[in-house]
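Visitor: Please work out how this folds:
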Amino acid sequence: MSSNDLSDLSDLLRMLMSSRMEAASAAHGGGIRCNDYPALSNHICSFMSGNKATSIKKRENIAQQMIDKSPVIEDAKTFAGRNIQSKKITCDEEQYNCRNIIVNLTDSSAKFAEHVADSGYLELLLEELKISDLNPTKLDPNGNISEMHDFALSNLTILHNCLWRYEDTADVIEEAAGIDVILHFLRNAKSEKIQMEALMVLADAADPDENPEVLSATEGNIQFILDQGLIPALDKELKDDTHSFGVDEILHCLTSIAKNDSNAKHLVKLGILDILEAILQSRDELEEEAIQACVRLLHQLSLTSEEALRGEQGLIEEVKELTSSQNTEISERSAFILLNVGLTIDGQEIDSDDENRSDSIPSDDNDDDDQNEAGKIGTHPAVGTNAVGKQAMISYCWKQQELALKLRDRLSQRGFNVWIDVEKMEGSILEKMAEAVDGSAAVIMLVSEAYKNSENCRSEAEYAWKLKKHKVYALAEAGYDSRGWLGPMMGADLHYDIASNFTEASENLAKRVKGLLK
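Guide: Here you go, the predicted model:
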C-alpha cells in the first residue's frame, strides 16, 4: 500500500468520524448520518483487486486502521440493534455500505475477523436472522424481496468469514445458540446461494466429528459448491486473480462435510476425485495451502471411499509423489491415503499375513502364568524373530490415554508384552504406526466416539484389518454402541466394557489376549 493510499484512508476515516460526531449532536436524537460510508466502502473495495502477493499487506494495514480509528463496528451494532428492536429489517445506503466494509475486511483479514467476533456483533447478526423479514422460505434473489435475500446472505457471509479467519468464532456461535438458526437456513432456504453459505458456516461452527448429521447436504447443495465455489476459485487462483472464495477455503468446507458418509458419496459421484487430481497436477501453480487442503480432503475420502479412490490411477500416482514432499503434513497424509486404500508408499499391495487372521473367537485357556517374557512394555514396536505372535498393541484416542495406560499396566502385570504410544508420535507417524501394527499379533482397540472420529485411529484400525491381525475391542466409553465405520468392523464380536467395570472386563480381556498371543 502506498503512502498516498494510507493518507486517503486516514482522510476518509476522519471525515467519517466528523460525520458521526455531527450526527450524535444533531436535534434528531443522535441518529447515525454516515454520509462518507459509500466513499470509504469503495476505497476499501478498490484494494481488494490485484494479485495475492501485493494485496495481503494492504489488507492488514487497512484492517489495523479500521480497528484503531473507525466506528464501523459500533455503527453496525447500532443498525442491527434497531432492526432487532423493531423486528423489521431496514437497510438504507448507509447500513448497506457499513456492512459491505465488514464483509470485505472479515474476508481478507484475520485481525479484523477476530475484532468483529469479539465485539458482540455476531450475536446481533444471528438475532437478525430470526426476524420474519428474513424467513428463508421467502427469500428469492430474483424476486420482489431480493434486498432481504442479499441482507440474509451478507449476515451469513460475515459469520463464515469470521469462522474461516478466526477459529474461536465457533465458540461465539455455539454460546449464542446459533447452530439451529443457521441449520434453519440450510434446510429451508429456496436460494442455493444461501444454502451454500449456510453450509459453509456450519462446516466450521458445528463439530463434524461430534455430530456429522448436522452437515447433511443434498446432492444439489454439493453440486452448487463445486460449480459456483471450487471450480471458479481454482480458475481464478491459477490466473493469480481474486475470487470471493479461496481454493483452500472451499476444500476445507468439503473436508468437514465429507465426514458425513452420505456427503462423501455425493462428492465422489459428482466427480470430486477428477477435480482433486487436476489440482494436484497444477500444484506448482497453486499456493501450498491449497495443496494441503486438497490432501486433507483426499485423506478424509480415503476413509469412506477407498475403492473409488483406488480406481483413480492418475490420482494415486500424484499422491505417491507427494509422499516425498518437504511439507510434513502433506507427506504424512499422502502416505496415510495410500495406506487406507491398501497400498504401500511405493504403490504396492499391502501383503496381509494369513497366519495372524482370527476368524473365530478362541476359547479362554486356564489362567496359568507361563506367559511371554514378563511385563514388557514398548514405546516402540518389538523387533526380532519372536516379535510377531508375542506382542499386543493398544490402539487408542489420545483423549482416553489415562484408561489406556491403566489397561497397559494391568496387562503388563499379567506378563504380556504390550506396545503403546505413550507420547504423541513424532517424525514419520505412518511408519511408526505401521511398524507397531506389523510387529503385533493382536491389536486392542479402545473404541469410543472419539476413537471413531479420529483419522489416525481409523487408519490404525483399518491397517490392522487389512493385515488380518487379531482384534480385541475394549469399550472406552461405558456402554458405547459402535456406529459409522466401526460398526461393521466390530460386528457381533465380543467386546469388553472396561469403562464400566474395569477389573472384571480387563481380566476377561487378558484371558482372550493370552489365547491370541500363544
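
Visitor: any idea where the strands of the stretch 301-450 of the chain begin and end?
Guide: Taking DSSP state E, counting those that start in this stretch to define them, one finds strands in the stretch 301-450 of the chain at 377-378, 391-395, 417-419, 442-447.

Visitor: can you redo the ones you listed as CSV with mean neighbour count and mean pLDDT?
Guide: Where you see a C-beta, it was placed from the backbone N, CA and C, and this is true even at glycine. Formatted as CSV, the strands of the stretch 301-450 of the chain follow (neighbours: other Cβ atoms under 10 Å; pLDDT from 0 to 100):
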stretch, mean neighbour count, mean pLDDT
strand 377-378, 18, 40
strand 391-395, 26, 93
strand 417-419, 24, 91
strand 442-447, 26, 95
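
Visitor: Could you export those as JSON lines, including distance to Asn188?
Guide: Converted to JSON lines, the strands of the stretch 301-450 of the chain look like this (distance: least, Cβ to Cβ, whole Å):
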{"stretch": "strand 377-378", "distance to Asn188": "55"}
{"stretch": "strand 391-395", "distance to Asn188": "42"}
{"stretch": "strand 417-419", "distance to Asn188": "51"}
{"stretch": "strand 442-447", "distance to Asn188": "37"}
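
Visitor: Let me know which of these is the nearest to Leu286.
Guide: strand 391-395 (35.3 Å; Cβ to Cβ).

Visitor: List the strands paired with the closest one, with their directions.
Guide: strand 417-419 (parallel), strand 442-447 (parallel) (DSSP bridges).

Visitor: Quick one: closest of the strands of the stretch 301-450 of the chain to Leu156.
Guide: Using Cβ to Cβ, these put strand 442-447 closest to Leu156, at 37.1 Å.

Visitor: first to last residue in stretch 232-250, what's the distance?
Guide: In stretch 232-250, first residue to last residue: 11 Å (Cα to Cα, to the nearest Å).

Visitor: circling back to that earlier point, tell me which of the strands of the stretch 301-450 of the chain lies nearest to Glu93.
Guide: Closest of these to Glu93 is strand 442-447, at 58.1 Å (criterion: Cβ to Cβ).

Visitor: what's the spacing between the closest one and its chain's center?
Guide: 26 Å (Cα atoms, centre = their mean, to the nearest Å).

Visitor: ok so, going back, save the strands paired with strand 391-395 as JSON lines, and put in distance to Gln391 too.
Guide: Output for the strands paired with strand 391-395, formatted as JSON lines (distance: least, Cβ to Cβ, whole Å):
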{"stretch": "strand 417-419", "distance to Gln391": "5"}
{"stretch": "strand 442-447", "distance to Gln391": "8"}
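
Visitor: Identify whichever of those strands lies nearest to Phe336.
Guide: Between the strands paired with strand 391-395, strand 442-447 lies closest to Phe336; by Cβ to Cβ that is 16.9 Å.

Visitor: who touches that closest one?
Guide: Residues outside strand 442-447 that contact it (Cβ atoms under 8 Å, 6 or more residues apart in numbering): 391-397, 400, 403-404, 407, 437, 451, 457, 460-461, 464, 469-476, 480, 482, 486, 490, 495, 498, 509, 513, 516-517.

Visitor: Compare the strands of the stretch 301-450 of the chain and give me the one nearest Asn263.
Guide: Comparing the strands of the stretch 301-450 of the chain under Cβ to Cβ, the one sitting nearest is strand 442-447, at 23.6 Å.

Visitor: Using PDB, list the CA coordinates for the closest one.
Guide: Taking C-alpha atoms only, strand 442-447 is exported to PDB below (Å, rounded to 0.1, in the frame of the first residue of the first chain):
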ATOM      1  CA  ALA A 442      -3.200 -58.700  18.300                       C
ATOM      2  CA  VAL A 443      -4.400 -55.100  18.300                       C
ATOM      3  CA  ILE A 444      -6.500 -54.000  21.300                       C
ATOM      4  CA  MET A 445      -8.800 -51.100  20.200                       C
ATOM      5  CA  LEU A 446     -10.200 -48.800  22.900                       C
ATOM      6  CA  VAL A 447     -13.300 -47.800  21.000                       C
END
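
Visitor: Contacts for stretch 256-275 next, please.
Guide: Contact with stretch 256-275 is made by 199, 203-204, 208-209, 212-213, 215-219, 222-223, 226, 230-231, 234, 254, 297, 300-301, 304-305, 308-309, 312, 315, 453, 484, as judged by Cβ under 8 Å, 6+ apart.

Visitor: Just give me the neighbour total for Ala505.
Guide: 18 (other Cβ atoms under 10 Å).

Visitor: Can you tell me what sits against stretch 476-489?
Guide: Residues contacting stretch 476-489 (Cβ under 8 Å, 6+ apart): 261, 303-304, 396-397, 400, 403-404, 446-452, 458, 461-462, 465, 471, 490, 497-500.

Visitor: residues of it that come out buried?
Guide: When burial is assessed from 16 or more other Cβ atoms under 10 Å, stretch 476-489 yields the following buried residues: Ala476, Glu477, Tyr480, Ser482, Gly484, Leu486, Met489.

Visitor: can you check stretch 227-234 too?
Guide: Under 16+ other Cβ under 10 Å, the buried positions of stretch 227-234 are Gln228, Gly229, Leu230, Pro232, Ala233, Leu234.

Visitor: In helices only, show me those.
Guide: Mapping the buried residues of stretch 227-234 onto helices (DSSP state H) picks out Pro232, Ala233, Leu234.

Visitor: Which of the helices and strands in this structure ranks last by mean pLDDT?
Guide: The helix or strand of the chain with the poorest confidence is strand 377-378; it has a mean of 40 (mean pLDDT, DSSP states H and E).

Visitor: got the residue ranges for the helices in the stretch 201-350 of the chain?
Guide: 219-225, 231-238, 247-257, 261-269, 272-281, 288-304, 306-310, 313-322, 328-340 (DSSP state H, counting those that start in this stretch).

Visitor: just for this protein, where's the confidence low?
Guide: Applying pLDDT under 70 to the chain picks out residues 1-56, 143-145, 209-210, 238-244, 346-347, 350-389, 423-429.

Visitor: hmm, try it at 50
Guide: Low-confidence segments of the chain (pLDDT under 50): 1-6, 9, 13, 16-17, 20-34, 51, 53-54, 243, 353-389.
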